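# Got a predicted structure here, sequence first:
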Amino acid sequence: MIGKITIGKFFRGCIAYCLHDKIQQKDQQVMKDRAEILMFNKCFGNEKELVQQFNEVRQLNMKLSKPVLHVTLSFAAGENLSKDKLMEMSEHCAKDLGFENNQYIAIAHRDTNHQHLHIVANRIGFDQRTVSDSNNYQKMAKYCRKMELRYELKQVLSPRKYLSKEQRSISRFDQRKELLRSNIQQALKECKDLHQFEAAMNKRGYKIIKGRGISFTDEKKVTVKGSELNYSLATIEKILARQQVLRAQGQSNLPAQPFVQQPASSNDSIFKSNEEGTMDVLMKPQPNNEEIDKHFKQKRKKKRQSHRL
């Protein structure tokens, strides 16, 4: 389960988003009745009445600029909780985040393949006290992990900074980064220079941002630095330059007739061996500059030895 918590200024916009059906262009609805109110706490009525009631309590503390608390809980595909369980989760959320005595509503959405729950709460209570927004992300992460165990949901790791030392030491599989690493490796195999590499990554759905380093932004607008994958700009340029050298050496040893197949010579074998070895380095999970330099030094040494023979 993934939890998100935000605070805002206006109840009208937040409540309207949670209650209304989505509208496409030309006023075509994506799905009717996508929202269902599961429970009211210290409030009741339609959208207009709810906004009015929330704003009336807001008057008790006009110094607070952001009285809206909006929680979104998204469940994994295939997880469909009953209304009773969703209501229980809403009550647990209110207690864990400290707004159980305040106004709030819980709304279930059915407009995606993943069941999700929205909770809109008033941070200002009838006693004029304000629900603190400090450590909200940590509180939400702790709440989600507890609900996953309680309702046997798919477990998700909390953000690294909220984990204990022992949990941080455990290596984590980041599917997004692994996919990016694989795409970088495949693009490097195909390209001769940085311009071709950028075009190849664009075809794979990534936008490249170059400055002092290099970053990759995917279709979901998530940006990852190349250095996080051990593919810094300098490393990528070095790999491409080395491949150009190897290709040039190989082409100089090939027969003059490019369209006539000739038996492989010893020099061709050396080139193929070098090229295959280069690809092996690129396919390593975490290549680095030292490995690449060491690899090419070994290849040059072997090549000199073969010429002496």
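Looks like it arrived, so ask away.

# What are the buried residues along stretch 66-84?
67-75, 81 (16 or more other CB atoms under 10 Å). The C-beta positions use only the backbone N, C-alpha and C, and glycine is treated the same way.

# For those, give me JSON lines that also has pLDDT.
Output for the buried residues of stretch 66-84, formatted as JSON lines (pLDDT from 0 to 100):
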{"residue": "67", "pLDDT": "97"}
{"residue": "68", "pLDDT": "98"}
{"residue": "69", "pLDDT": "98"}
{"residue": "70", "pLDDT": "97"}
{"residue": "71", "pLDDT": "97"}
{"residue": "72", "pLDDT": "95"}
{"residue": "73", "pLDDT": "95"}
{"residue": "74", "pLDDT": "91"}
{"residue": "75", "pLDDT": "91"}
{"residue": "81", "pLDDT": "92"}
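
# lowest average confidence, helix or strand, in the chain?
helix 266-282 (a mean of 51; mean pLDDT, DSSP states H and E).

# the strands in the stretch 51-200 of the chain, which residues?
68-74, 104-109, 116-122 (DSSP state E, counting those that start in this stretch).

# Ok, which of those comes nearest residue 208?
Counting by CB to CB, residue 208 lies closest to strand 68-74 out of the strands of the stretch 51-200 of the chain; the figure is 29.8 Å.

# Pairing partners for that closest one, with directions?
Here strand 68-74 is paired, per DSSP bridges, with strand 2-8 (antiparallel), strand 116-122 (antiparallel).

# Compare those strands and report which one is nearest to residue 62.
Across those, closest to residue 62 is strand 116-122 (CB to CB), at 13.4 Å.

# and the closest one with strand 104-109, angle?
Relative orientation of strand 116-122 and strand 104-109, computed by axes from the mean of the first three to the mean of the last three CA atoms, to 10 degrees: 160 degrees.

# Please tell me how far the residue nearest to residue 187 when sequence neighbours are not counted sits from residue 14.
Once flanking residues are discounted, residue 187 sits nearest to residue 200: 3.9 Å by CB to CB, 6 or more residues apart in numbering. Distance of residue 200 to residue 14, given as CB to CB, to the nearest Å: 42 Å.

# Which residues are in contact with the residue nearest to residue 187?
Each residue near residue 200 by CB atoms under 8 Å, 6 or more residues apart in numbering is listed here: 186-187, 190-191.

# and these, which are buried?
187, 191.

# Next step: the contacts of residue 200 restricted to helices.
186-187, 190 (DSSP state H).
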